[in-house]
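Undergrad: 3D model of this:
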Amino acid sequence: MTDRLIVAGDNPYEVVVGAGALSEFAALVPTDVRQVAVVHQAAVAHVVDEVEAALSGRIDMLRIEVPDGEGAKTANVVIAAWDSLAARGFTRSDLVVGVGGGAVTDVAGFIAATWLRGVRVIQVPTTLLAMVDAAVGGKTGINVPAGKNLVGSFHPPAAVVCDLSLLASLPRSDYVAGLAEVVKVGFIADPMILDLIESDPVGATTPAGPHTAALVVRAIAVKAAVVSADLHEMAAVGPGGIGREILNYGHTLAHAIEKRENFGWRHGDAVSVGLVYVAALSSQAGILDPECALRHRTVLESLGLPTSYATDAWSQLRAAMSVDKKTRGGTLRFVVLEGLGRARILSDPAPELLEAAYLEVAQPPH
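TA: Predicted structure coming up:
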């Protein structure tokens with residue numbers, strides 16, 4: 001069985017979720033497509049084989065292999081991909097397909113957004129993090145020395161195919177890291193996610209768990225609703241309506257950690273620490289009940305996710321946060337919580353408040 005979620009907007013698209021969902025890929029390819037360029041990592045070549053088989057030889061396919069992880073999200077990788085598309089005479093009626101984790105869907109989307117000022121892209125995420133976050137929503141981008149995802153565009157896909165059976169071969173550490181984004185959604189919009197995890201935290205750490213499909217579908221449903229209402233992240237977070245910035249909960253510190261680690265940390269691990277930090281910041285500012293703030297740490301630690309970072313890193317992290325995408329006119333802004341499912345923006349918190357919150361996640365380096 002598959003679930004089908006609609007992401008609304010100027011060009012609505014489907015997110016197909018379920019074990020065996022890849023069998024529906026061919027039906028999602030527009031009939032006017034003559035060529036398909038599949039952007040992928042070496043580890044998922046077998047999935048690309050399935051994509052090629054689904055096309056039954058009726059469409060020419062170009063494979064563009066990219067490096068693993070964040071190494072795929074560089075200008076040099078994108079330029080090489082552009083050269084490959086040019087050599088094949090890739091036109092605006094053709095299709096890019098991203099097969100892999102979040103880094104691949106990010107760069108595949110960016111390649112599609114920039115080639116001929118925009119061609120269609122279908123995303124086939126193969127990791128939990130990509131399914132519940134990166135592949136849905138149309139944010140594309142690459143990294144530069146100044147920070148993560150600072151170069152990119154909004155380019156919604158034509159469709160997203162989340163085949164849950166692909167998660168069975170995912171390393172446990174990668175699967176667990178992806179759960180940080182699921183937990184995030186639980187706190188900002190759907191507390192039932194937290195209840196499901198707390199009812200069976202061990203089961204939640206495996207694709208074979210009893211609630212896997214429910215957790216993935218619920219997380220995607222929240223993102224679909226948020227993106228449908230605010231594709232370009234223009235709305236304010238708060239009582240006036242839901243805004244896409246809400247999805248950045250925990251990400252301000254997370255991106256700073258990733259930069260300090262030269263993108264050697266898994267994104268989900270960094271988000272986990274970022275969630276604990278911003279919950280502490282919300283509590284320190286008198287916005288969030290301390291019990292709810294503590295629940296962040298409890299849920300994340302029950303899944304085996306990290307909740308602390310190096311004591312001596314604060315000055316570097318603070319500097320990195322100053323170029324966060326939510327910063328406006330030099331003013332640092334955080335998505336914070338007033339309670340479960342109630343987010344708002346905290347602008348320009350006092351330096352001593354920021355540092356006090358960091359002390360709650362700091363630990364001496366190992």
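Undergrad: can you give me the helices in the stretch 101-250 of the chain?
TA: Taking DSSP state H, counting those that start in this stretch, the helices of the stretch 101-250 of the chain run over residues 102-114, 128-129, 172-188, 191-199, 201-204, 212-229.
Undergrad: Switch those over to CSV; also include mean neighbour count and mean pLDDT.
TA: For every residue, glycine as well, the C-beta is placed using N, CA and C. Formatted as CSV, those follow (neighbours: other Cβ atoms under 10 Å; pLDDT from 0 to 100):
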stretch, mean neighbour count, mean pLDDT
helix 102-114, 27, 97
helix 128-129, 28, 97
helix 172-188, 24, 97
helix 191-199, 17, 98
helix 201-204, 16, 97
helix 212-229, 20, 95
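Undergrad: Quick check: which of those helices is nearest to Glu355?
TA: Nearest of those to Glu355, taken as Cβ to Cβ: helix 172-188 at 23.1 Å.
Undergrad: Just the C-alpha atoms of the closest one, please, in PDB.
TA: C-alpha atoms of helix 172-188 as PDB (Å, rounded to 0.1, in the frame of the first residue of the first chain):
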ATOM      1  CA  ARG A 172      21.600   2.100  11.400                       C
ATOM      2  CA  SER A 173      23.600   5.200  12.300                       C
ATOM      3  CA  ASP A 174      22.300   7.000   9.200                       C
ATOM      4  CA  TYR A 175      18.700   5.900   9.900                       C
ATOM      5  CA  VAL A 176      18.800   7.100  13.500                       C
ATOM      6  CA  ALA A 177      20.300  10.400  12.400                       C
ATOM      7  CA  GLY A 178      17.300  10.900  10.100                       C
ATOM      8  CA  LEU A 179      15.000  10.600  13.100                       C
ATOM      9  CA  ALA A 180      16.200  14.000  14.400                       C
ATOM     10  CA  GLU A 181      14.100  15.600  11.600                       C
ATOM     11  CA  VAL A 182      11.100  13.500  12.600                       C
ATOM     12  CA  VAL A 183      11.500  14.500  16.200                       C
ATOM     13  CA  LYS A 184      11.700  18.100  15.100                       C
ATOM     14  CA  VAL A 185       8.400  17.900  13.300                       C
ATOM     15  CA  GLY A 186       6.900  16.300  16.400                       C
ATOM     16  CA  PHE A 187       7.700  19.300  18.500                       C
ATOM     17  CA  ILE A 188       6.800  22.000  16.000                       C
END
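Undergrad: Surely Val132 is in contact with Glu181?
TA: Yes: using Cβ atoms under 8 Å, Val132 makes contact with Glu181 at a distance of 5.2 Å.
Undergrad: what's the overlap in contacts for the two?
TA: Ala219 (Cβ atoms under 8 Å, 6 or more residues apart in numbering).
Undergrad: domain parsing for this protein?
TA: Following automatic domain parsing, one gets these domains for the chain: 3-168, 171-363.
Undergrad: about what we covered before: now the helices of the stretch 101-250 of the chain as JSON lines including distance to Leu337?
TA: Listed next are the helices of the stretch 101-250 of the chain as JSON lines, based on distance: least, Cβ to Cβ, whole Å:
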{"stretch": "helix 102-114", "distance to Leu337": "24"}
{"stretch": "helix 128-129", "distance to Leu337": "21"}
{"stretch": "helix 172-188", "distance to Leu337": "6"}
{"stretch": "helix 191-199", "distance to Leu337": "11"}
{"stretch": "helix 201-204", "distance to Leu337": "21"}
{"stretch": "helix 212-229", "distance to Leu337": "15"}
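Undergrad: So for Glu14, which of those helices sits nearest?
TA: helix 212-229 (9.9 Å).
Undergrad: What is that closest one packed up against?
TA: Here helix 212-229 touches strand 3-7, strand 13-18, helix 172-188, helix 191-199, going by 3 or more Cβ pairs under 8 Å, 6 or more residues apart in numbering; DSSP states H and E.
Undergrad: Go through the shortest one and flag the buried ones.
TA: For strand 3-7, the neighbour count (16 or more other Cβ atoms under 10 Å) marks 3, 5, 7 as buried.
Undergrad: Report the strands that pair with that strand, each with its relative direction.
TA: Under the criterion DSSP bridges, strand 3-7 sits next to strand 13-18 (antiparallel) in its sheet.
Undergrad: rewinding a little: would you mind giving the buried residues of strand 3-7 as TSV with distance to Glu258 and pLDDT added?
TA: Below are the buried residues of strand 3-7 laid out as TSV (distance: Cβ to Cβ, whole Å; pLDDT from 0 to 100):
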residue	distance to Glu258	pLDDT
Asp3	31	95
Leu5	28	96
Val7	26	95
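Undergrad: Turn these into JSON lines, columns for distance to Leu353.
TA: Shown next, in JSON lines, are the buried residues of strand 3-7 (distance: Cβ to Cβ, whole Å):
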{"residue": "Asp3", "distance to Leu353": "42"}
{"residue": "Leu5", "distance to Leu353": "38"}
{"residue": "Val7", "distance to Leu353": "36"}
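Undergrad: before we move on, the earlier item: mind checking the helices of the stretch 101-250 of the chain for the one nearest to Leu166?
TA: Closest approach to Leu166 among the helices of the stretch 101-250 of the chain (Cβ to Cβ): helix 128-129, 9.8 Å.
Undergrad: Tell me where this structure is predicted with low confidence.
TA: Low-confidence segments of the chain, defined by pLDDT under 70: 235-242, 324-330, 364-366.
Undergrad: circling back: right, so of the helices and strands packed on helix 212-229, which gets closest to Val271?
TA: If you check each of the helices and strands packed on helix 212-229 against Val271 by Cβ to Cβ, helix 172-188 wins as the nearest, at 4.2 Å.
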